Structure formats: structure tokens, C-alpha cells
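A.B. asks: Structure for the following, please:
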Amino acid sequence: MVSSHVNALQSKHAGLEARLNDEMNRPAPDAAKIQELKKAKLRLKEEIAAN
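C.D. replies: Reported below is the predicted structural model:
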């Protein structure tokens, strides 16, 4: 059974994915913002895997 904490992390991960896709589809994407979002997604993914 997946805990509510993991569900919350997965929800945040999905939100970051959506923000990342939005940024990458902009006419002039911000490379620093993309890198920041990818790092945040990775940290969440690692935390999800640890639970």
C-alpha cells in the first residue's frame, strides 16, 4: 500500500513535470529554470524510491 506521503511526492513530481514541459515548449526556454526543475524532479524521484 502506498502511503499518503508517497502520493504527495508523486503529485509534486507530476506538477514539476508539467512545469518542465511548459518551460521547454516556450519560444525562448530558460535553461537555468529547466535545470532547476530537473534537479527538483530527481530529488523527489529519489525520495519516492527511498520510501
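A.B. asks: What mean pLDDT does stretch 21-37 get?
C.D. replies: Taken as a whole, stretch 21-37 has a mean pLDDT of 96.
A.B. asks: what about it, how long is it end to end?
C.D. replies: Using Cα to Cα, to the nearest Å, the end-to-end distance of stretch 21-37 comes out at 10 Å.
A.B. asks: can you start the count at 842 instead of 1 from here on
C.D. replies: In the new numbering, first residue 842, that becomes stretch 862-878.
A.B. asks: Buried residues of that stretch, list them for me.
C.D. replies: residue 878 (16 or more other Cβ atoms under 10 Å). C-beta here means a position set from N, CA and C on the backbone, and glycine is covered the same way.
A.B. asks: element containing residue 846, please.
C.D. replies: For residue 846, the enclosing helix or strand under DSSP states H and E is helix 845-865.
A.B. asks: next structured bit after that helix?
C.D. replies: That would be, after helix 845-865 and using DSSP H and E, helix 872-891.
A.B. asks: Would you confirm that residue 850 contacts residue 889?
C.D. replies: Yes: the pair residue 850 and residue 889 qualifies as a contact (Cβ atoms under 8 Å) at a distance of 4.9 Å.
A.B. asks: neighbour count winner among these two?
C.D. replies: More neighbours sit around residue 850 than around the other of residue 850 and residue 889, counting by other Cβ atoms under 10 Å; the figures are 20 against 17.
A.B. asks: list the contacts for that one?
C.D. replies: By Cβ atoms under 8 Å, 6 or more residues apart in numbering, the contact list for residue 850 reads 885, 888, 889, 892.
A.B. asks: Got a quick ChimeraX command for the buried subset of the residues you listed?
C.D. replies: Only the buried entries of the contacts of residue 850 go into this ChimeraX selection, using 16+ other Cβ under 10 Å:
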select :885,889
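A.B. asks: tell me the angle of the helix holding residue 846 relative to helix 872-891?
C.D. replies: Helix 845-865 and helix 872-891 are oriented at 160 degrees to each other (axes from the mean of the first three to the mean of the last three Cα atoms, to 10 degrees).
A.B. asks: Thanks again, I'm all set now.
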